[in-house]
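Colleague: Predicted model and sequence follow; I will ask about them next.
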Amino acid sequence: MALVQDEEITERAEERAGFRVITAGTKLNRVESDALEQHCRARGTNQGELIRSLILRELEPSPAPPAASPELVEIIGLRLMLTNLLRPLSQAQAITQERFDAIMTEVRRSKLDIATDLVKKSEGGR
């Protein structure tokens, strides 16, 4: 009987590294188990494959943060502009050219950040 060489052992170990050998499981009650079974039948898969795909999907890198649409950014910009211009006017304060320019600069600078924060909050803080 021939002895197995080191190279052959290494090759076999590398082949086995791709095999699925770790089990990840959970316990379900009867209602949950029945619902899972129906769901798997409807998708044409078995429980193991469905759970594996869910786990692998969760392990994927998170997608980019939600982006605010250009329309939302402009609406937020208009809201900021109106709020910052109407408040002094309602209190009979004059708006100088310098103050107007400062307001507009601040609106341009912050409207995207505010709109993005608003989208994040509306999606549950993701």
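Modeller: Thanks, I have the structure now. Numbers count the residues shown, from 1 in each chain.
Colleague: Can you measure across stretch 60-74, start residue to end residue?
Modeller: 33 Å (C-alpha to C-alpha, to the nearest Å).
Colleague: what comes up buried for it?
Modeller: Neighbour-count burial for stretch 60-74, counted by 16 or more other C-beta atoms under 10 Å, picks out 68, 72-73. C-beta: built from backbone N, CA, C; applies to glycine.
Colleague: Strands - which of those residues land there?
Modeller: Using DSSP state E, no member of these falls within strands.
Colleague: Export those as TSV, with columns for distance to residue 42 and pLDDT.
Modeller: Formatted as TSV, these follow (distance: C-beta to C-beta, whole Å; pLDDT from 0 to 100):
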residue	distance to residue 42	pLDDT
68	36	90
72	36	95
73	40	95
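Colleague: So which of these belong to helices?
Modeller: 72-73 (DSSP state H).
Colleague: Residue ranges in this protein under the pLDDT threshold?
Modeller: Low-confidence segments of the chain (pLDDT under 70): 1-17, 124-126.
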